[in-house]
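> Model the structure of this input:
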Amino acid sequence: MGERSHWKPFKKEVATCQACLDLSAENLRWQWRKRSDGKTNAEDRHRVPLAELKNSAKQCCGCHIIHQAALVVLEHLNSHDADISLEYLTNKPLEGLSIRLETNLDAHDQSKEIEDARNKAGFDVSEVFPERRGESSDFYEEGLDAPVLEERPACTVTTPLYEIFLSENEDCHNKPPTWSAVRTRPLRHEDTSSASWALEKLRQCEGHEKCRRRDDGWTLPKRVIDVGDNSKANIRLYETKDGEQAKYVCLSHSWGTPGGGEPLKTTPKTLNEYKIGIKFEDLPKTFQDAVDFTRGLGIRYLWIDSLCIVQGKEGDFVTEAPKMADIYHNAEISLAAADSPNCHGGLFRCKKTRARVCDSTCSRGHPSVYIQELLYINYLVYPRPFDGPYEFRSPKSMSPLIKRAWVLQEFLLSRRVLFFTPLELVWECQECAISESGHTTISHNAKKQLDESVQGQDRIERLRLRWQTIVQIFSYLGLTYKTDALPAIGGLAKRMHAIFGSEYVLGLWKDTFMQNLSWKREIVDSYIWADGLDFEHDDVSLGVPSWSWASQGGPITYNLGPSLAVFGSLEKIIYKSSGDEFTNVSHGLAVLSGYLIPLELRDSGFLQIKPERIVPSGIEIEFDKFLRPDGMKAYMGRTLFVLPLIAIPDRARPEPNTKPVNISFLVLEPIENRKVPHGHIFRRIGIMQLGLFQCLPLRYFIEKDELLIAALERVLRYIEVLKMTRKVRAPLCSAVEQMYYYNMEEDSYHSGHEKCVGMPIREIEEHLGKEKERVAEWNLHQKRNMERKYKRVEVVIQ
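Here you go, the predicted structure:
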């Protein structure tokens with residue numbers, strides 16, 4: 001994006017040709033432009049009607065090229081006319097000249113064309129305000145009755161993004177100097193079954209320091225598929241010898257849904273049969289393509305989970321699943337069936353996506369120009385967790401493979417991945433991510449979480465932030481069986497354990513346990529991401545304790561800011577284990593040390609924290625389970641409990657001068673008929689946040705931390721600044737619902753909206769003095785091992 005200027009829109013007059021804007025990068029970048037009405041400005045790309053471009057093409061070579069490119073795209077639009085959008089993309093992965101077409105179709109007369117567009121990958125169909133025949137504004141201005149206007153429902157159909165480029169294989173020295181938007185690219189193969197490009201990237205990758213193996217061997221998994229050394233060789237399931245070494249390839253694919261095209265599986269009944277041989281024609285299409293490509297790479301062995309792990313209750317999934325971290329990491333390369341929703345979609349695509357729109361004979365001696373469809377920028381990119389559900393674009397424009405939870409660890413643990421997309425091959429290794437057409441179209445923000453460079457004192461905080469990032473991404477992904485949540489992330493946990501050395505239990509780490517408890521349920525339309533899988537799992541037992549995020553069976557979120565203070569600690573965890581600690585653990589009891597504070601949910605919806613009788617305004621419990629409108633009644637009038645967890649920055653109010661702080665509390669309910677010698681066993685039911693100053697009556701749980709002292713001192717310092725600048729009412733911090741400000745006339749500090757009572761400066765100073773005394777007293781009692789008024793208790797959570 002270029003520099004934004006609301007008051008100085010781009011003027012087309014700076015270009016020699018106002019239709020193509022001289023194909024200049026500066027002229028065609030996203031910037032402020034005048035709208036078609038000529039009165040208002042908006043940030044936009046350059047738009048030009050097809051008819052105008054056609055007329056200009058008779059005199060301008062640039063317009064001729066764009067017009068020819070538009071005609072290529074128009075063939076896919078089922079329309080005779082359209083508006084052309086040109087933009088020089090400054091985003092590094094897609095940098096260059098792009099073109100897309102837009103047209104409005106009548107919802108009644110052209111319903112078939114609209115429906116066809118909805119079913120095409122990359123096309124976008126959006127409803128627009130009904131077009132009205134006639135203008136009514138003039139009638140209203142003159143005080144006349146407006147006529148009845150005819151409404152015409154319409155839809156805007158937008159094509160995928162195409163790029164216009166020069167081939168790096170041709171001589172481009174005579175490109176006009178004004179064509180700075182037209183970049184040079186390699187020509188993609190347009191047939192992803194060819195292994196030549198992958199072999200070239202593999203040779204280059206062998207020189208990457210991060211991609212080299214850390215040991216001397218290539219130990220094979222327990223079973224692999226022997227594809228032979230030529231296309232006529234017999235295919236069989238091969239059980240390897242202990243320590244046997246050889247290169248092998250992994251296949252990453254979507255299993256599909258039960259009853260909807262599940263893959264070929266090895267079972268106890270078919271194991272011996274498959275060891276003798278597997279007919280090529282019996283393999284589903286994706287498996288067939290994987291066999292052919294593995295042979296093309298010159299590698300003999302292929303690992304496919306459904307065939308190399310014996311499935312079913314009598315199979316060996318329990319013992320083989322924990323090995324997945326090593327299986328994918330040790331593979332020479334992983335092949336990703338990115339464009340197939342199940343095992344029958346295949347790997348290979350042969351699609352003509354490129355056209356020569358102008359050669360040297362028609363471009364007045366200029367180099368040949370090409371157009372080709374661009375791979376959607378987010379097709380292979382996991383969203384950043386803090387972007388929320390709106391970052392999850394239309395499922396039609398994203399790989400069906402990366403929506404699957406099991407696949408996340410397959411991608412992140414593999415040293416190299418080759419993605420078979422609808423348009424081209426995409427390569428990713430530890431040091432490089434690039435497509436056949438030269439675009440860096442993939443960037444896993446989760447990949448860097450497995451970076452092995454860990455430094456001393458930051459180890460615990462790095463572990464927390466990296467794991468929370470991975471868990472947030474993982475929780476949005478689809479699982480056919482929700483009980484697979486922990487096994488499906490177990491390989492990543494094992495890898496994190498190797499990096500950080502912390503002990504892992506049921507989705508959380510002991511070193512960061514209190515921080516990891518601060519997850520909350522995320523409300524999101526399930527169809528956006530996980531293909532319509534139901535995230536509302538009421539009354540479904542997942543065999544996971546309530547304190548683990550995995551008990552949700554759906555999206556969760558963390559506050560990924562720094563942890564300013566931790567209140568309480570983990571004493572121990574009691575759990576069942578049926579083998580591997582990363583994949584086969586369930587039903588854990590967490591014993592915490594902390595401050596258990598009673599809370600009551602009133603009929604009015606207000607919370608009352610007892611015994612201090614605090615009634616915080618506008619605070620709600622964020623329940624873990626989906627509660628229907630009448631579901632809240634079950635908790636009305638009951639005594640619940642809150643346990644302080646951590647202090648975090650208020651992300652909604654990032655004011656640098658006051659740095660507001662929130663306290664996260666775990667909300668618990670006692671489980672009937674479940675007790676331990678010192679009290680109840682509790683179940684987690686939600687999370688709650690209070691502002692730090694709302695916790696003044698409960699400040700004892702802060703113990704020796706000087707968090708509150710620092711906050712009060714910041715407020716007083718800022719008030720002094722406001723006094724010196726003589727601002728009577730200056731905002732300290734703006735928020736969605738709240739504002740903190742100092743009122744000089746009343747010499748008070750206000751918190752909240754207008755109904756909130758201001759806090760006099762004298763009272764702030766008194767609170768500061770009392771807090772300093774309290775911290776000093778706490779430290780003294782700690783030093784002399786003296787009894788305190790408020791003490792931690794043991795809290796057992798199931």
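
> how close does the closest residue to residue 522 other than its chain neighbours sit to residue 485?
Leaving out its chain neighbours, the residue that sits closest to residue 522 by Cβ to Cβ, 6 or more residues apart in numbering is residue 555, at 3.9 Å. Backbone N, C-alpha and C define where each C-beta goes, glycine included. Between residue 555 and residue 485 the computed distance is 12 Å (Cβ to Cβ, to the nearest Å).

> now do residue 767
In terms of Cβ to Cβ, residue 767 sits 44 Å off from residue 485.

> Give me the more crowded residue out of those two.
residue 485 (25 against 19; other Cβ atoms under 10 Å).

> how about the longest helix seen in the chain: buried residues?
Looking across the chain with DSSP state H, the single longest helix is helix 761-784. Across helix 761-784, burial judged by 16 or more other Cβ atoms under 10 Å covers 761, 764, 767, 768, 771, 774, 775, 778.

> Show me what that helix is packed against.
Helices and strands touching helix 761-784, by 3 or more Cβ pairs under 8 Å, 6 or more residues apart in numbering; DSSP states H and E, are helix 707-724, strand 748-751.

> Can you tell me which of these is packed in deepest?
Mean neighbours per residue, mean count of other Cβ atoms under 10 Å, is largest over the helices and strands packed on helix 761-784 for strand 748-751, with a mean of 20.

> Backbone torsions only: list them for the nearest residue to residue 346 once chain neighbours are set aside.
Distances taken as Cβ to Cβ, 6+ apart put residue 285 closest to residue 346, at 4.0 Å, once the chain neighbours are dropped. Torsion angles at residue 285 (phi, psi; degrees, to the nearest 10) stand at phi -60, psi -40.

> burial of residue 285, as a residue count?
Residues within reach of residue 285, counting by other Cβ under 10 Å, total 16.

> got a list of what it touches?
343, 344, 345, 346 (Cβ atoms under 8 Å, 6 or more residues apart in numbering).

> what's around the closest residue to the third one other than its chain neighbours, how many residues?
When the adjacent residues along the chain are set aside, residue 345 lies closest to residue 286, with 6.2 Å between them (Cβ to Cβ, 6+ apart). If you count neighbours by other Cβ under 10 Å, residue 286 ends up with 24.

> cool, and residue 570?
Residue 570: 20 neighbours (other Cβ under 10 Å).

> and it, how far is that from residue 587?
The gap separating residue 570 from residue 587 is 17 Å, by Cβ to Cβ.

> Next: residue 316.
From residue 316 to residue 587 the distance is 23 Å (Cβ to Cβ).

> before we move on, what about residue 194?
Taking Cβ to Cβ, one finds residue 194 at 51 Å from residue 587.

> cool, residue 641 as well?
22 Å.

> These two: which is more packed in?
Neighbour count, other Cβ under 10 Å: between residue 641 and residue 587, residue 641 has more, with 20 against 13.

> Make sure residue 324 is indeed in a helix.
Yes: checked against DSSP: H, G, I helix; E, B strand; the rest coil, residue 324 lies within a helix.

> That one - how many residues pack around it?
Neighbours of residue 324 (other Cβ under 10 Å): 26.

> any low-confidence regions in the stretch 101-250 of the chain?
For the stretch 101-250 of the chain, the stretches with pLDDT under 70 are 129-152, 213-217.

> Do a quick rundown of the helices in it.
Applying DSSP state H, counting those that start in this stretch to the stretch 101-250 of the chain gives helices spanning 111-118, 137-141, 196-205.

> what do you get for the stretch 351-500 of the chain?
Along the stretch 351-500 of the chain, counting by DSSP H, counting those that start in this stretch, helices occupy 405-413, 459-475, 485-500.

> Let me know the next secondary structure element after the last one.
Taking DSSP states H and E as the definition, the helix or strand that follows helix 485-500 towards the C-terminus is strand 504-505.

> Tell me which other helices or strands that following strand touches.
Applying 3+ Cβ pairs under 8 Å, 6+ apart, we find strand 504-505 packed against helix 485-500.

> just how off-centre is the helix it packs on within its chain?
19 Å (Cα atoms, centre = their mean, to the nearest Å).

> Show me which residues of that helix are buried.
Buried residues in helix 485-500, counted by 16+ other Cβ under 10 Å: 485-497, 499-500.

> now do stretch 273-285
Of all the residues in stretch 273-285, those buried under the rule 16+ other Cβ under 10 Å are 274, 278, 280, 283, 284, 285.

> show me what contacts residue 316?
Contacts for residue 316 were tallied using Cβ under 8 Å, 6+ apart; they are 222, 309, 310.

> nearest to residue 334, of those?
Nearest to residue 334, judged by Cβ to Cβ, of these is residue 309 at 16.0 Å.

> The closest one and residue 320 touch, don't they?
Yes: using Cβ atoms under 8 Å, residue 309 is in contact with residue 320, at 4.6 Å.
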